[in-house]
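**Q** Give me a 3D structure for the following:
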Amino acid sequence: MKRAADQPANSPKVLRQPLTPSHHRQIQPLVDNQFVRHLFLLHTPIRLFLEKVLTSVNALTPLAPDAHLDDLNRRIVHLSNIVLSHCRIEDRTIFPVLSKASSASSASPHRTAKRARIASSPVSVDPQPIHDDHQHLGHAFDTLRSTLRELRAAPLLKPQSLPLQSPRVSSTANASPFLDPTTSSSSNPSYQTTYGPRTTNRQEGVVYVKRTAKQLADRIRDHLRNEESYALPIATSFLSHAQQRQLVLRVTNDTVSVQHLPDAFRLVPHGDLVSLLQFVSQHASDRDNKRIALTLAKVLSVSQWRAICADVPTLANMQLPKQNSLIEISHMHKAITKELNDIVAYCESIDTSNPKQMQSLSFRVSFLRRVHSYHAEGEESVLLKELHAKLSSSPDSTATNAFHDDHNDEAAMFNDFSSKLESLQDPSGYQSRETLFPQTIKQQLLESVRNLASHLKHHMEEEETKLLPLLRKYFTLADQDRMMRLVMAKVPPAFLREVIPWMFNLLDVDDQECMLRNLMRTAPPNEICKVISSIAQSVQKGMTDRMKWNEICLRVPELEGDYKSIVEKCEMDNDGPISEILRVHKAFRIELNTILRRTKEIRADGSAPNPLSLNSLMESLTFVRKMVADHSKAEDDILLPRLEAKSPGISEQYKEDHCDEAQLFQDFSDCLMHLRCATDESECTKLVQKLQLHARVLRDEMVKHLELEEKQLWPICQQQFDEKEQSEIVALIFGQIPSKRLREMLPWMIRLLSVSERNTMMNHILLVTKSTMFEKWLNSWLPLDNECAVQSDSPSKERVLSDRSLSVTDPGPSVAKAARVMLEGRENLERTMRSIAQDSSLTVQERTRMMQRIMLAPYQQRSIDRTNICKNQEADDLRKTYADVENGRKHLGCKHYRRGCKLRAACCQKLYTCRLCHDAEETHVMNRSATKEILCMECSTLQAVAAVCINEKCQRSFARYFCGICVFFDDRENAKVYHCHSCNVCRVGKGLGIDYFHCMKCNQCMHVKYREKGHNCIQKAMESDCPVCFQYMFTSTSPVKYLQCGHLMHTACYDRYRNNSIRCPICSRSLEEMTPLYQLLDQQLAATGANMMPAHYRSARCDLYCKDCFTKSNTPYHFLYNKCPVCQSYNTRVEHVDPNGDGSSKR
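**A** Numbering: from 1, shown residues only. Reported below is the predicted structural model:
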């Protein structure tokens, strides 16, 4: 490379860096031709769209639903298409012209006056650095999209993997976008980034996406700013006015010719767009002018185009040839044709002996028959009628007769085909016909549907080629619009709300966009609102793909502008917790439609399907099947019995549907399993066709069942149950769902629902479970981040956050401090002393020693080395401990549990086999859930809490049952332990929904028998002390007895207490059902008679208060037993005695 001193004096300097402020001051006054700025007219919409994308990125949260991420990805792709397409036009058109012109001007010995106004040093344009920077923008967009895909694939869990590494940006990352080719070549890009290992953590993934988007946005802003400050002055300096006009026209023509760039004109300010079109109309050819106008008329909204035409009147007539008011007829034809092809394929593989498959076919044919009927009626009464009147004196007057005959023939064919389906579904004669004609029935059915499809397709082709051209020929656009509105009015409004989404789903994206744009241009506002509302409702219910709808919203800006309020009103904002079942229905629809779409993508051409695709499909099917089974079980066990009690005879149909759905899932699963094992080509083809049939039947039957529930069952539920009863129903449903299933269901729901639906759902759940530990359990694994948290009125929740009420909430560095914190509450000290005194498993010496330690704890001063616990740990703490000996084999553990590890207590940093062993030795209690480290008793490896030892030479499983939330290990065989999500502790039992359920009001796990016969709920009854031994019952390991009054006590305490009293020690109601005892008392009193009472008390009466039914009464007085006349209970209290029984004795 030559040095600067070796370069010729007259050679131009190549501009490789941004212009300095002095250059700007010299060149800026030369921008005097306003039309030159149209070269970079799209910079404004690029900036606006970039800000919208950044707003969406900044609104990202770890719980962002999949639809939100897909929509953001689509917007990023749209922005990328616009930016990169614009960059390609610059590379191909703008900068080569500027480079050539500047080089020629610099080489010329004559300088114009305008050229002399620049700096004394000549300046030349090198397009290579700009081209390289354009490529770097493409790489940055690819990085952002890749990061967003990784975020979508990440599970909705809190951080459990390695932290995400930040990108290592090279030193040239902040360099100028216009660099020397030697430093900005493709081999050494100025924005080169090296990425470390990625994580599947959503929280850090969101941070990474935001950081990447910000870097991209800064780079785009700098790039646009440099282009404007660099290219525009050079264009006005080196190009003549004619060259400038020619360059602007070339750039405009290229812009409207590229696929994605015309969409950017929607965000161009009105004044700039009018200025551009006025310039084009003056200097462009008629052909170019017309092409530009037609492109803008297609992409701009109706209001924008009308405003443009008002300021540029010459454009209005150029749009007319592309207007097509009758396009709605063509869209209906496409939808009918696609549905007919699907029905024909369905009939080719149908099993006529399967009633569900026949019902699904009958439903589809019935719906298509209604669509055809109203469509034909509209054509007959409007289009053909007016066309016949217009052609009465024309040679084409007989052209409409054939269409009348075709409509009549099609109606007859529909009637014939429907009657055949009805006869095939008739249970009285179907079995005999199937026995006589095993193959004939299917052949006849297939022949009928093929004839119907062939006739309809031919008829619609005739209409496209003959009828519609005649209508366009003899009627103006205004008349065509008027007739189409009359045709649509023939469809009943209720059925129109079903037809519009059906037709919308059968069209491709381009036809969907054309349909909505044509409707907005021609239809009145109220009709537009009805159509958009019906489609938006279908999207919210899960019947229409939200990804396609988001694409349409991006293409048709009015949907996010003028009609945004209509779309937002369609959100599922039903009041009451029971509306959450509707959101589950929506999730089912989305999943079933996805399964149907994925099944249709499997090719039935004899080739073996991709095993990975089949495995993924099987996983999706298994998951949905599991969710549907749980949903049906909740309805059958909880909702329908309560509804049956208020509206008898309503639940049988839904229970039968649940059984049928289970069989449909089984058929689908069996067919998929056979396909995975198939090897023969013909067998694969038949199985793929059968699988697609099963998928269609399953989707149709499930959707029909869900629609029936929403139209009939849920209105009854809202009428029969108030909000309190709805909350109780939802609480019972959640109380029987296992924690493992909720950890699958909640992320699944969050991914599929919109943000507002997710927030409403989580608020309802947290309100229903506000008396429990559910929110704490949820925060332990789901990154809520206060997105959907509600205010809790649970004052005692902090008390239960620790393992026991005696736990130290802020453990200090010494045992003395921990003891002082404990002793700050007199209640805790008294409870501890009582629990020790009542513990029958301890000897007198052990009780005395523990009480002394607790009383002397504030005066003990011991320091604990937290940094080197293993070196200073006593040998006794590292030794193996054993639970018991079975068949001559020792089992690791302690006298309380079997396990292969020790816990390192967070409070004192000592190692104990379990918290009970710790509490027996120390003067404070251990918060087991705060444990962060454990010690393997086989290899003495100190490690983080896990189910298996991390030592590669050991890899011992510590227990058969492990709970990471409670840090609980139990290695017993057939151990019946489960983690309750609302208690947030591990309980003894088979599990929620099996033998236990969680009562959200009592905040306790109860046996399922109490769900059936009911129980007396008391708010947070479990979060209290035993009234006998004063031990905190919520985390107690002793069994608990439920009293009929709703209070609780330990079973052992109850057995001792009932020997002395029959009354609850808290509320004084009867401990249990005392009818046998009361009958015995009746017999004893009847045997003794009135002689047992003294003579002067035999006529006495008393004012009696019953402690069971809470009523007051006046009854004959007895000095031992006084019976309540209302509930026949003897659990009463005498408030006043009248010895005479005449009321003369007053209180």
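**Q** Show residues contacting stretch 453-470.
**A** Identification of contacts with stretch 453-470 by CB atoms under 8 Å, 6 or more residues apart in numbering yields 326, 329-330, 333, 336-337, 340-341, 343-344, 372, 379, 383-384, 387, 391, 396, 399-400, 402-403, 406, 409-410, 413. All C-beta atoms are positioned from the backbone trio N, CA, C, and that covers glycine.
**Q** now those residues: which count as buried?
**A** When the contacts of stretch 453-470 are checked for burial by 16 or more other CB atoms under 10 Å, the buried set is 326, 329-330, 333, 336-337, 340, 343, 372, 379, 383-384, 387, 391, 399-400, 403, 406, 410, 413.
**Q** Just the ones in helices from those, please.
**A** The helices, defined by DSSP state H, take in 329-330, 333, 336-337, 340, 343, 372, 387, 403, 406, 410, 413 from the buried ones among the contacts of stretch 453-470.
**Q** Need those in CSV (columns: distance to residue 533 and pLDDT).
**A** Output for those, formatted as CSV (distance: CB to CB, whole Å; pLDDT from 0 to 100):
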residue, distance to residue 533, pLDDT
329, 23, 91
330, 24, 91
333, 25, 93
336, 23, 94
337, 27, 93
340, 28, 93
343, 29, 92
372, 25, 92
387, 32, 86
403, 33, 81
406, 34, 85
410, 31, 89
413, 34, 90
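**Q** Show me which of those is closest to residue 629.
**A** Lowest distance from residue 629 to those (CB to CB) belongs to residue 343, with 30.4 Å.
**Q** show me what contacts the closest one?
**A** Contact analysis of residue 343 by CB under 8 Å, 6+ apart lists 361, 364, 365, 368, 449, 453.
**Q** so how far is residue 279 from it?
**A** Computed with CB to CB, to the nearest Å, the distance linking residue 343 and residue 279 is 55 Å.
**Q** wait, residue 297 sits on residue 306?
**A** No. Using CB atoms under 8 Å, residue 297 is not in contact with residue 306; the gap is 10.3 Å.
**Q** Give me the more crowded residue out of those two.
**A** When residue 297 and residue 306 are compared for neighbours, residue 297 comes out ahead with 22 against 12, by other CB atoms under 10 Å.
**Q** Next secondary structure element downstream of the helix or strand harbouring the more buried one?
**A** Using DSSP states H and E, residue 297 sits within helix 286-299. Heading C-terminal from helix 286-299, the first helix or strand you meet, by DSSP H and E, is helix 302-311.
**Q** Could you pull out the buried residues of that following helix?
**A** Within helix 302-311, the residues scored as buried using 16+ other CB under 10 Å are 304, 305, 308, 309.
**Q** next one: stretch 504-518
**A** Applying 16+ other CB under 10 Å to stretch 504-518 flags 504, 505, 506, 507, 511, 512, 513, 514, 515, 516, 517, 518 as buried.
**Q** before we move on, what about stretch 666-676?
**A** In stretch 666-676, counting by 16+ other CB under 10 Å, buried: 667, 668, 671, 672, 675.
**Q** cool, and stretch 54-67?
**A** Going by neighbour count (16+ other CB under 10 Å), the buried part of stretch 54-67 is 56, 57, 60, 61, 62, 63, 64, 65, 67.
**Q** Identify all contacting residues around it.
**A** By CB under 8 Å, 6+ apart, the residues outside stretch 54-67 that reach it are 68-69, 71-72, 75, 152, 156, 202-203, 205-206, 209-210, 213-214, 217, 546-547, 550, 750-755, 758, 782-785, 787-788.
**Q** Quick check: residue 487 vs residue 374, distance?
**A** Distance, residue 487 to residue 374, using CB to CB: 9 Å.
**Q** between the two, which one's more packed in?
**A** Remark: of residue 487 and residue 374, residue 487 carries more neighbours, 22 against 17, as counted by other CB under 10 Å.
**Q** host element of the more buried one?
**A** Assigned by DSSP H and E, residue 487 falls within helix 477-489.
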